[in-house]
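J.: sequence unknown, structure follows:
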C-alpha cells in the first residue's frame, strides 16, 4: 500500500474507532527476498491489510518500477508512532519479543514518553516456542487475555508474521505490527543509524556493525545480491513501460 507513516497512524486510529483491527507488514529486503522465493511466505504477507516499504532498496525499486512511494516506513519508527497515537486515543499496547526483560523495558520507555499509553503486557517467549503447538497456543492466550488495542511483535520474519496470523483470529479489533528489532531499539538495547545514513540507504551498515555475527551472512550473502537484482529488474520494468 502506498501510504505515509502519518497516514498509516490515521488509518490505525480510524480502525480503532470503528472496532476494526488490522495487520501491518514492514517489508524490508529480507522479507521481499523470502516472499519471492516461497509461495507460502508470499501468501502469509498477502494476508496483511497494509504492507509498507521498510528499507531504502525496496523504496528505490518501487519508485523505479513506477510506484508512488513517498517515504520509507520502518517497523522501528512505527513502534513509536503507533504508540504515540495509541496514547492519544487512550489505547493499550502489548509488546511481544526480544530478550528477557527487553519488552518490559520497551514498554516502560514508551509509557514514559507517551503519557496515557496503557501497557497491557510484555513478554519474551522462550526460544523455539513456535515449534510446539501447545507453547504457541499459550503465548497467544497470554496476549489475547489482556485484550490490547496494539500488538507489537518483534520475533523476526517469518516467525512474527505467523504469530500475528494466530493472534488476528483472537484479537480482530486490534492492530498488529511485525516490528523486527523495533522492541529492543525502543528499549535502548540497540540504536538506530543517524538520520543521514537512514535516508541514504546505509542503515544496514550500522546494524551490521552492531550485530556482525548474526547479520553478516544475511546482509552480505543473501540480501545485497538480491537487492541489486531487484533494482535492475525494476529499472527494466520502467524502461519497458516507456
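T.: That came through, no problem. Computed from a predicted structure; not experimentally measured.
J.: per-residue pLDDT, the residue most central in space within the chain?
T.: The centroid of the chain falls nearest to residue 179 when counting by C-alpha atoms, centre = their mean (2.7 Å). Note on residue 179: pLDDT of 96.
J.: Verify the contact between it and residue 75 for me.
T.: Yes: with contact defined as C-beta atoms under 8 Å, residue 179 counts as touching residue 75 (3.6 Å). For the C-beta atoms, the positions are set from N, CA and C on the backbone; glycine is no exception.
J.: Could you tell me which residues make contact with the residue nearest to the centre of the chain?
T.: 26, 75, 76, 78, 79, 97, 152, 153, 154, 160 (C-beta atoms under 8 Å, 6 or more residues apart in numbering).
J.: what's the overlap in contacts for residue 179 and residue 75?
T.: Listed contacts common to residue 179 and residue 75 are 26, 154; contacts here mean C-beta under 8 Å, 6+ apart.
J.: What helices and strands are in contact with the one helix or strand residue 236 maps to?
T.: When elements are assigned from DSSP states H and E, residue 236 belongs to helix 224-241. For helix 224-241, the elements it packs on are helix 29-37, helix 56-64, judged by 3 or more C-beta pairs under 8 Å, 6 or more residues apart in numbering; DSSP states H and E.
J.: could those helices go into JSON lines alongside mean neighbour count and distance to residue 116?
T.: Putting these into JSON lines (neighbours: other C-beta atoms under 10 Å; distance: least, C-beta to C-beta, whole Å) gives the following:
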{"stretch": "helix 29-37", "mean neighbour count": "19", "distance to residue 116": "32"}
{"stretch": "helix 56-64", "mean neighbour count": "20", "distance to residue 116": "32"}
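J.: so where does the spatially closest residue to residue 202 that is not a sequence neighbour fall, helix or strand?
T.: Once flanking residues are discounted, residue 202 sits nearest to residue 193: 6.8 Å by C-beta to C-beta, 6 or more residues apart in numbering. Under the criterion DSSP H and E, no helix or strand holds residue 193.
J.: Residue 193 and residue 201 touch, don't they?
T.: No: when contacts are counted by C-beta under 8 Å, residue 193 is not listed as touching residue 201 (10.3 Å).
J.: And the helices in the chain?
T.: Counting by DSSP state H, the segments of the chain that form helices are 5-18, 29-37, 39-46, 56-64, 75-88, 102-113, 133-144, 159-170, 182-187, 195-199, 203-210, 212-216, 224-241.
J.: Now render those helices as JSON lines, adding mean pLDDT and distance to residue 125.
T.: Putting the helices of the chain into JSON lines (pLDDT from 0 to 100; distance: least, C-beta to C-beta, whole Å) gives the following:
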{"stretch": "helix 5-18", "mean pLDDT": "98", "distance to residue 125": "24"}
{"stretch": "helix 29-37", "mean pLDDT": "94", "distance to residue 125": "21"}
{"stretch": "helix 39-46", "mean pLDDT": "96", "distance to residue 125": "19"}
{"stretch": "helix 56-64", "mean pLDDT": "89", "distance to residue 125": "28"}
{"stretch": "helix 75-88", "mean pLDDT": "97", "distance to residue 125": "18"}
{"stretch": "helix 102-113", "mean pLDDT": "98", "distance to residue 125": "10"}
{"stretch": "helix 133-144", "mean pLDDT": "94", "distance to residue 125": "5"}
{"stretch": "helix 159-170", "mean pLDDT": "96", "distance to residue 125": "9"}
{"stretch": "helix 182-187", "mean pLDDT": "96", "distance to residue 125": "12"}
{"stretch": "helix 195-199", "mean pLDDT": "74", "distance to residue 125": "29"}
{"stretch": "helix 203-210", "mean pLDDT": "74", "distance to residue 125": "23"}
{"stretch": "helix 212-216", "mean pLDDT": "81", "distance to residue 125": "18"}
{"stretch": "helix 224-241", "mean pLDDT": "79", "distance to residue 125": "29"}
